[in-house]
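**Q** Here's a sequence, model it:
(2 chains)
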2 protein chains.
Amino acid sequence: MNNPLKLGIAGLGTVGTGLLHIFQKNSEKINLASGRPIKVAAVSARNRNKDRGLALSHYEWFDDPVKMAEDPSIDVFVELIGGEEGVARSSVEAALNAKKHVVTANKALLAVHGVALSGLAEKNDVALNFEAAIAGGIPVVKTMRESLQGNTITRVYGILNGTCNYILTKMEREGQAYDEALKDAQDAGFAEVDPTFDVGGFDAAHKLSLLTSLAFGTEISFENIYIEGISSISPIDIEVATDLGYRIKLLGVAVQTEDGIEQRVHPTMVPFGSAIAEVNGVTNCVNIEGNFVGDVTLVGAGAGAGPTASSVMADIIDVARGVIFPPFVVPTNQLVAYKRARMRQHEGRYYIRLSVYDRPGAFAAIANRMAEQEISLESIVQRGSEVGQVHQGNQNTPQSSFESPIPVILITHKTCENFIRKALEGIEADGNIASRPQMIRIENL
Amino acid sequence: MNNPLKLGIAGLGTVGTGLLHIFQKNSEKINLASGRPIKVAAVSARNRNKDRGLALSHYEWFDDPVKMAEDPSIDVFVELIGGEEGVARSSVEAALNAKKHVVTANKALLAVHGVALSGLAEKNDVALNFEAAIAGGIPVVKTMRESLQGNTITRVYGILNGTCNYILTKMEREGQAYDEALKDAQDAGFAEVDPTFDVGGFDAAHKLSLLTSLAFGTEISFENIYIEGISSISPIDIEVATDLGYRIKLLGVAVQTEDGIEQRVHPTMVPFGSAIAEVNGVTNCVNIEGNFVGDVTLVGAGAGAGPTASSVMADIIDVARGVIFPPFVVPTNQLVAYKRARMRQHEGRYYIRLSVYDRPGAFAAIANRMAEQEISLESIVQRGSEVGQVHQGNQNTPQSSFESPIPVILITHKTCENFIRKALEGIEADGNIASRPQMIRIENL
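**A** Numbers count the residues shown, from 1 in each chain, chains lettered A, B, ... in the order given. Have a look, this model is predicted:
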């Protein structure tokens, strides 16, 4: 165990350079904790001459990460390139086939090819570690893979995308519209120029697909995730949520139901005072519910050079110490086929915001559509005036404003999503609303 | 790896029977995750015939846990007896000497004998795992021992005692006095008949001593912890804290300072909206601050059969998989001697509540004592009337209430604890206060 563990790092962006900084600063401590020296032997990146504020001359340089992955000079291939295909995929496959341990932060790659790569790692008797792929610096993979194995996991959920949480926090605290808050996030470096991947919920869904597999011992099934992003959230939704005692968060949720597993990413109203409601800004959190431990909540930085590299480092130290777990806990061929619970069978409470034309009969028609589906209402909120006026019309109102739409918010009791969708289809067909209904799920976490 | 790992469980109280329940319910999953079968071979407890709601006939029975610890029929000795001396200590020592792995939930034992036992485990090349000894079901030992090793830890703190947190939450939410809330805690089974060990801060200090060693790689030093319990907290402290935007929590804090390590357990005012302020009831939390990861916060059940046994199980699975870390990360002989930072050198903001006789000059004398120590005040609060009246007296008040004490609260700017203590000694000597000053440290976590 005194021979050094030799790393090849592919990708020298934020996380890759963060990892080199950790080595420069904490190397002595790391070697002590690892019980043997760890050294960076080689690096590979697109541009050799870019100024990264770090000397790379100590490390062997590879233009091609696949070559590095196969090179006898390294024991561990650290993939920090990103992306589900291309050199990220080919270099990881090359490394595993060459019997090198792989440490990666690449959630997209694992969400799509995780099971195959897990099998490849197993076949070659090497590690495939990915602590940094989910929620940055939060040690959620280790917690699920090792700490909670005495439990049957019943649910896992979390705030898995810092960009979305930053935008929602800005909207709530500063009353900003979505577009404004997004621009702020872009200016602050928390959102990409093309933000679709984050705000559309896809990044959170990649992470959720991995959490689901770790939680339930199932095959990864990114394609079965129900995904809604945050771009439809408006200031009035945030205001009403606040009045009702809720905060809106983009949650990823995976839950075992009688019909299979629900995997979903969508804006969710969570009550003030719940641990998850108090996670603001770019911070991430993951909550795991086990049948003996109850709820364990992990909170920390979900992105950034330092936190992500800290998790990469933990994976490397595990390899150095010989701590090798199957990537998804159980042997790959024992991962259970994923059985999807239909989103239409989801049960819960709903927030519905309608932009209702202020005309006679409009509200009665809406109420009838809800009644047809046997949805009972917990409360009805009309912003700015009394609810009673809506369906009666107001004879004193001049014609011009008589037809102008008024926001009406319905909070339902627990019901089935199928009923909600049918009711909303009926409401849209009736033609009394000025825009598509807004629907946000409520969870009492 | 197909031979079963055989356990001997000593102590069949809450946690011991919880552990047997986990085996009965989740055994298949545990064996799959462990890569080999794990079985309970033997048990030992004080009373063989007590009804525990579980059949014990499958297990070999030992009256003497030391005998069981040495018996060839077991591979792992699970110590759930408790207490820093007696059979808990002797059986753990016997097990280690017999080259059996030890899993324990016993913080008192480790706080006092941890370094010696760590050395013994190392000498015999076996594990000494204690996830359940700190914060019940929260995976904090694994997080510190494995996940955050890329970081230099700068501070660790947490709510480490559920009894205290339950009492403080009750006082805040229901306006109860300390004695009432304690009685409620006792009735609910969250406090012992003799609650000193919990409410006096000693249990939290045991846990903190272990966190400190894990964080800083130092020898365990329970005897150097500054300890204050919660029994002096009164409803007025809670009320004023709420008004000022703080919650009062019993925190354990270990922080690296220039002068050494500060280890302290005391009531602390933490701001609303901080993660730790939102941890209520019997829930525990631990926050670890690393130089790359930033803050990682872990929240969960700090006690109870299920959560504690879940952590014991995780330690057992690690042994089954051959994941053996040195108990305190670094080899025992490389643990650094503990260097204590004096509590008198602690710097921070302070809440001071004085019960001041309403007489001329009283407030001026207090203000002078603070000024002598160069303590500047951020705010002065007098409950029920204007502050200005205090030092002027009130000529219209009848003599009887003229001398009745009035609560005056001072919030200081950042200062040194030494100055605070000197100022308070002076104030007490002046004789203008009716009872001992209350002093609570404020932390902006």
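
**Q** Tell me which helix or strand A:Gly252 sits in.
**A** In the assignment (DSSP states H and E), A:Gly252 maps to strand A:246-257.

**Q** Pull out the buried residues from that strand.
**A** Neighbour counts over strand A:246-257 (16 or more other CB atoms under 10 Å in any protein chain shown) mark A:Tyr246, A:Arg247, A:Ile248, A:Lys249, A:Leu250, A:Leu251, A:Gly252, A:Val253, A:Ala254, A:Val255, A:Gln256 as buried. Yep, even glycine has a C-beta here, placed from its N, CA and C like the rest.

**Q** Among these, which one sits closest to chain B?
**A** Nearest to chain B out of those is A:Arg247 (CB to the nearest CB; 11.9 Å).

**Q** List the contacts of that closest one.
**A** A:Leu168, A:Glu172, A:Ala241, A:Met269, A:Val270, A:Pro271, A:Phe272, A:Ala277 (CB atoms under 8 Å, 6 or more residues apart in numbering or on different chains).

**Q** Phi and psi next, for the nearest residue to the fifth one once chain neighbours are set aside.
**A** In other words, A:Val270. Excluding the flanking residues, the one nearest A:Val270 by CB to CB, 6 or more residues apart in numbering or on different chains is A:Ala277, at 4.8 Å. Dihedral pair for A:Ala277: phi -70, psi -20, per degrees, to the nearest 10.

**Q** residues in contact with A:Ala277?
**A** Per CB under 8 Å, 6+ apart, neighbours of A:Ala277: A:Tyr246, A:Arg247, A:Lys249, A:Val270, A:Pro271.

**Q** was I right about A:Arg359 contacting A:Asp430?
**A** No: counting by CB atoms under 8 Å, A:Arg359 does not reach A:Asp430; the two are 11.5 Å apart.

**Q** Tell me how many other residues surround A:Leu20.
**A** Using other CB atoms under 10 Å in any protein chain shown, A:Leu20 has 21 neighbouring residues.

**Q** just A:Asp237 next, same as before
**A** 22.

**Q** and it, what element?
**A** Element membership of A:Asp237, judged by DSSP H and E, is helix A:235-244.

**Q** Show me which positions of that helix end up buried.
**A** Buried, per 16+ other CB under 10 Å, within helix A:235-244: A:Asp237, A:Ile238, A:Val240, A:Ala241, A:Leu244.

**Q** neighbours around A:Leu12, how many?
**A** Number of residues near A:Leu12 (other CB under 10 Å) recorded here: 24.

**Q** My guess is it contacts A:Val40. True?
**A** No: contact criterion CB under 8 Å: A:Leu12 and A:Val40 do not qualify, at 10.9 Å.

**Q** list the residues that contact both of the two?
**A** Contacts common to A:Leu12 and A:Val40, judged by CB under 8 Å, 6+ apart, are A:Leu20.

**Q** The spatially most central residue of chain A: what's it in contact with?
**A** Nearest residue to the geometric centre of chain A (CA atoms, centre = their mean): A:Ala204, 2.2 Å. A:Ala204 makes contact with A:Leu160, A:Asn161, A:Cys164, A:Leu250, A:Gly252, A:Val265, according to CB under 8 Å, 6+ apart.

**Q** that older thread, close to chain B, is the helix holding A:Asp237?
**A** No: judged by CB under 8 Å from any CB of the partner chain, helix A:235-244 makes no contact with chain B; its nearest approach is 14.4 Å.

**Q** what angle separates that helix from strand A:246-257?
**A** 80 degrees (axes from the mean of the first three to the mean of the last three CA atoms, to 10 degrees).

**Q** Packing partners of helix A:235-244?
**A** helix A:162-174, strand A:246-257, strand A:347-357, strand A:377-382, strand A:405-412, strand A:438-442 (3 or more CB pairs under 8 Å, 6 or more residues apart in numbering or on different chains; DSSP states H and E).

**Q** Let's have these in TSV, adding mean pLDDT.
**A** As requested, the helices and strands packed on helix A:235-244 are exported to TSV (pLDDT from 0 to 100):
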stretch	mean pLDDT
helix A:162-174	96
strand A:246-257	97
strand A:347-357	96
strand A:377-382	90
strand A:405-412	95
strand A:438-442	98
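
**Q** excluding its backbone neighbours, what's nearest the residue in the stretch 1-150 of chain A that chain B sits nearest to?
**A** When scored by CB to the nearest CB, the stretch 1-150 of chain A has A:Gly150 as its residue closest to chain B, at 2.9 Å. Here the nearest residue to A:Gly150 in space, its sequence neighbours aside, is B:Met313; by CB to CB, 6+ apart that works out to 2.9 Å.

**Q** With A:Ala41 instead?
**A** A:Lys6 (4.0 Å).

**Q** On the three-state scheme, that neighbour is what?
**A** Put simply, A:Lys6 is strand when judged by DSSP: H, G, I helix; E, B strand; the rest coil.

**Q** what sits against it?
**A** A:Lys39, A:Val40, A:Ala41, A:Ala42, A:Ser73, A:Ile74, A:Asp75, A:Val76.

**Q** Sketch out the helices for the stretch 1-150 of chain A, chain order is fine.
**A** For the stretch 1-150 of chain A, the helices defined by DSSP state H, counting those that start in this stretch occupy A:14-34, A:65-70, A:86-97, A:107-123, A:140-142.

**Q** ignore the last one, the stretch 301-445 of chain A
**A** A:305-321, A:362-372, A:388-392, A:399-402, A:417-430.

**Q** related to what we said a few turns ago, just the buried ones from the contacts of A:Lys6?
**A** In the contacts of A:Lys6, burial by neighbour count holds for A:Val40, A:Ala41, A:Ala42, A:Ile74, A:Asp75, A:Val76, counting by 16+ other CB under 10 Å.
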